[in-house]
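In: only the shape, not the letters, is given here:
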C-alpha cells in the first residue's frame, strides 16, 4: 500500500545528522519507579534504527502537565536511566539550560532525551518561537507519537512544517492499521463501542453508523439506547436526557444500512460490588431496584456470530463492568472470539483506548488482535473521523 506520508525508509543517509524524534514517554512514575514501561517499549524500534544508522538521536517528549512552569517532579531527568534500560543503550539527559552546547558534543549513534517540551509555555500553543527553538537542534524531524497526534503543539505539528518530516515505525504501524480498520476496510465491518456514557462517545457513534455494517453497543451506554427503545432499565447507569439523541443515532443507522446490536439478555444485580447475587434476565424483566452490569450469555453468543461474518473489527470500550467479577464475562467471551477469528486470518481487528487495552489484557488476548493502540484521545478522535494535526502535518 502506498503511504501518504514519508517513513524512515525514505530518509536516506543520516550518519552524523541530528534527528529530532517526538516520542510519548509519559509513563506512570511512583516513588521514582516506572510502573508501566509500555510507552518506552513502543519507541525502541525507531530510536534503535536511527541510532544504528549513525544518527544523533534527540528525543522530544512531554511529561505530565507543567503548563510552562519547570518543576523537578516533572523533569525527564528521572526517566533517562529507566529509558536507557529499556533501549539497551546509554541515554543522555539534556536540560534546556545549556542545551546548545550539550547537543554539540553528541556523537553519531548517541541518544539523548531533551527536557520536558511542556516546560515551554508556547509548546501547547504551537508558538513559532518555540518551534524555531526546537528546530534549531535538528536537521530532520520524526514523529513517532500517535498518542499526541491529536494536539497541534510545537513538538507535534509545528516541527513537521519546520523540518523535513517523517513518520517513525510506531506511528507508521498505527496509521497503516487505522487505514485498514476504517479508512479503506474490507467489508462487512463491525464496531464494538462500550463504556459508561453515551455523552463521551456521541461523535464516535454518529461517525461510525455511516462507516460500518454492524454497530455493537455495550457498557453503560447500551442502557441509554435501551431506554430510548422504551425499556425500563431500573437503577442502571443511564443518561435519560440523551434518549432523544440515541433515537437520532438509531434512525441514522437505519438510513445508512447499519445494523445496531443492543443486548436482549443482561446480567443484573441489586448492588455493584464483586460477586454479588446476580440474575440473567431478558431486558424487559429488569426490576426497579436492579442494575444492568453486563451483557447476557445469549446476546454475547449472537454477537460472536456477527463477528464470524465480518472481515474487519474496530473496538473501543468494554461490554460490561469488566473490572468487577463476574461482570467481565461478555467482554472476555467476545474478545476471545475476535482474537480466534484474527488468528485464523478471517478478521482484521483493531482496538484502542485505555479501558479497551486493559479489558483485552484482562481477557489475555491483546497480543492476538491485529493491532492494539495505546493512544486514548487520539484514537477516539480518529474514530470520530477528525483530522489529527500531527498526522495531517506529516501528510501535507
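Out: Great, that's in hand. Being a predicted model, the structure only gives us computed values, none of them experimental. Residues are numbered from 1 along each chain as shown.

In: domains in this structure, by residue range?
Out: Using automatic domain parsing, the domain parsing of the chain gives 8-172, 185-383.

In: as a whole number, average confidence for the longest one?
Out: Right, domain 185-383. Summarised as a single mean, pLDDT over domain 185-383 is 95.

In: check the shortest one too.
Out: Mean per-residue pLDDT for domain 8-172: 96.

In: now it: how far from the chain's centre is it?
Out: Computed by C-alpha atoms, centre = their mean, to the nearest Å, the separation of domain 8-172 from the middle of its chain amounts to 20 Å.

In: what's the answer for the longest one, then?
Out: Domain 185-383 has its average C-alpha position 17 Å from the chain's average C-alpha position, going by C-alpha atoms, centre = their mean.

In: what comes up buried for the helix or strand hosting residue 330?
Out: Using DSSP states H and E, residue 330 maps to helix 329-344. By neighbour count with 16 or more other C-beta atoms under 10 Å, helix 329-344 contains the buried residues 329-342. Every residue, glycine included, has its C-beta placed from N, CA and C.

In: so which two of these are the farthest from each other?
Out: 329 and 342 (20.4 Å; C-beta to C-beta).

In: list the contacts for the closest residue in space to residue 257 that isn't next to it in sequence?
Out: Nearest non-adjacent residue to residue 257, counting by C-beta to C-beta, 6 or more residues apart in numbering: residue 213, 7.5 Å away. Residue 213 sits next to 187, 188, 189, 190, 257, 258, 259, 310 when contact means C-beta atoms under 8 Å, 6 or more residues apart in numbering.

In: can you give me the helices in the stretch 51-200 of the chain?
Out: 80-87, 99-104, 128-135, 159-162, 169-178 (DSSP state H, counting those that start in this stretch).

In: helix, strand or coil for the residue nearest to residue 249 when sequence neighbours are not counted?
Out: Once flanking residues are discounted, residue 249 sits nearest to residue 205: 5.2 Å by C-beta to C-beta, 6+ apart. Of the three states, residue 205 takes helix under DSSP: H, G, I helix; E, B strand; the rest coil.

In: what's the spacing between residue 205 and residue 41?
Out: 32 Å (C-beta to C-beta, to the nearest Å).

In: what's the answer for residue 95, then?
Out: Taking C-beta to C-beta, one finds residue 95 at 26 Å from residue 41.

In: and residue 192, what does it touch?
Out: 216, 218, 313, 314, 315, 316, 317, 319, 334.

In: show me those that map onto strands.
Out: 216, 313, 314, 315, 316 (DSSP state E).

In: with adjacent residues omitted, what lies nearest to the second one?
Out: Counting by C-beta to C-beta, 6+ apart, the nearest residue to residue 313 once its immediate chain neighbours are dropped is residue 349, at 4.5 Å.

In: can you give me the end-to-end distance of stretch 54-63?
Out: 27 Å (C-alpha to C-alpha, to the nearest Å).

In: same question but for stretch 310-318, I mixed them up
Out: 19 Å.

In: pull out the buried residues from it.
Out: In stretch 310-318, counting by 16+ other C-beta under 10 Å, buried: 310, 312, 313, 314, 315, 316, 317, 318.

In: likewise for stretch 90-106?
Out: 91, 92, 93, 94, 99, 102, 103, 106.

In: looking at those residues, which two lie furthest apart in space?
Out: 91 and 99 (15.3 Å).

In: residue 325 contacts residue 275, doesn't it?
Out: Yes: in this structure residue 325 lies within contact range of residue 275 using C-beta atoms under 8 Å: 5.6 Å.

In: what's around the residue nearest to residue 91 when sequence neighbours are not counted, how many residues?
Out: Residue nearest to residue 91 in three dimensions, not counting chain neighbours: residue 84, with 4.0 Å by C-beta to C-beta, 6+ apart. Other residues near residue 84 come to 17 when the count uses other C-beta atoms under 10 Å.

In: just checking, residue 84 touches residue 90?
Out: Yes: at 5.7 Å, residue 84 and residue 90 qualify as touching, with contact defined as C-beta under 8 Å.

In: ok, the residue nearest to residue 249 - how many residues close by?
Out: 25.

In: okay but it is in contact with residue 198, surely?
Out: Yes: Residue 205 lies in contact with residue 198 (C-beta under 8 Å); the separation is 7.3 Å.

In: how many neighbours does the closest residue to residue 103 other than its chain neighbours have?
Out: Nearest residue to residue 103 in three dimensions, chain neighbours excluded: residue 137, at 5.5 Å (C-beta to C-beta, 6+ apart). By other C-beta under 10 Å, the residues close to residue 137 number 21.

In: distance of residue 137 relative to residue 197?
Out: 43 Å.

In: what bridges to the closest residue to residue 111 other than its chain neighbours?
Out: Spatial nearest neighbour of residue 111, excluding adjacent residues (C-beta to C-beta, 6+ apart): residue 57 at 4.5 Å. In this entry, residue 57 is beta-bridged to residue 19, residue 111, by DSSP bridges.

In: list the contacts of residue 57.
Out: 19, 21, 47, 50, 51, 110, 111, 112.
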